[in-house]
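Asks: Quick one, fold the following:
(chains A, B, C and D)
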There are 2 protein chains.
Amino acid sequence: MFERKIPKDLDCGMAMIMEIIGGKWKPCLIRNISQGHRRPSELQRLNAKASRRVLYQQLQELEEHGIIERIVYPVLPPKVEYFLTELGNSLLPVINVMDDWGTQYLKNPHKRPLLKLGA
Amino acid sequence: MFERKIPKDLDCGMAMIMEIIGGKWKPCLIRNISQGHRRPSELQRLNAKASRRVLYQQLQELEEHGIIERIVYPVLPPKVEYFLTELGNSLLPVINVMDDWGTQYLKNPHKRPLLKLGA
DNA sequence: CCGTATCCCAAAAGATACTG
DNA sequence: CAGTATCTTTTGGGATACGG
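Replies: Numbering: from 1, shown residues only, chains lettered A, B, ... in the order given. This next block holds a predicted model:
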């Protein structure tokens, strides 16, 4: 459905995890859903700046990668819930480590260093 | 030099760290350079599949973010070396955590789960 | 309410030629 | 060697309309 012309090489772990959490809204979605079951409409509200299409696309990819799962209630109007899998849960500490580092960085805004001249 | 029409919002730590390490070759470059001082030509050799332009661009961004620094030897032909800053070093554990998770994931290839039906 | 299809634009990355 | 300037292709993401 979203075919690439050039296949990605997911040779190393780093490339793999970037593939999984690299989307613009994925870390947000993972965190939202980690708080408890979440319905699509809730996720749209929580990430109001994301477009509908991208949100669904990234949810799909998270599902395909086994990070989240979907429960479909056969009712009208439709009701759906997402929840984190165990695999998804194992991702939370990683995301936290990343976020912590980034938060620390934001507190100490970097000054571009002067050019060093070698001997 | 590489101006964006739409400014990024680097509001949270997660967005910030993705900005810093999100480039396709940045984690590779950081690791290469963490092994010791590296010259541009070495980095090109080590990342042969990356185009010249992108490599230099990402090196520049890493430098602007204070992850690496550059030593310029005033000789002919030109000689330059990159090395990791302390800040750059503090990034290594984060990258390792990410890579470990990804490597683990690669060992247990995920099967897409069947759709769950709610009550 | 959930999800998909279409269309569009901006950004990332590749190829390559050129300069000091 | 190191670095920059074009130019081009691919991809990611936003807007929005439509269908079940």
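Asks: CA atoms for contacts and neighbours, from now on please.
Replies: Will do.
Asks: longest helix anywhere in chain A?
Replies: helix A:86-107 (DSSP state H).
Asks: Which neighbouring elements make contact with that one?
Replies: Helix A:86-107 makes packing contacts with helix A:26-34, helix B:13-21, helix B:86-107 when contacts are defined by 3 or more Cα pairs under 8 Å, 6 or more residues apart in numbering or on different chains; DSSP states H and E.
Asks: what's the model's confidence in it, averaged?
Replies: Along helix A:86-107, the predicted local confidence has a mean pLDDT of 97.
Asks: what angle sits between it and helix B:86-107?
Replies: Relative orientation of helix A:86-107 with respect to helix B:86-107: 170 degrees, computed using axes from the mean of the first three to the mean of the last three Cα atoms, to 10 degrees.
Asks: so where is chain A shaky, pLDDT-wise?
Replies: Within chain A, the stretches with pLDDT under 70 are A:1-2, A:111-116, A:118-119.
Asks: For chain A, what lies in contact range of DNA strand C?
Replies: By Cα under 7 Å from any atom of the strand, the part of chain A that sits against DNA strand C consists of A:1, A:39-42, A:52-53, A:56-57, A:72, A:77-81.
Asks: that older thread, between the helices and strands packed on helix A:86-107, which one is nearest to B:Leu29?
Replies: Set against B:Leu29 and scored by Cα to Cα, the helices and strands packed on helix A:86-107 come closest in helix B:13-21, at 9.9 Å.
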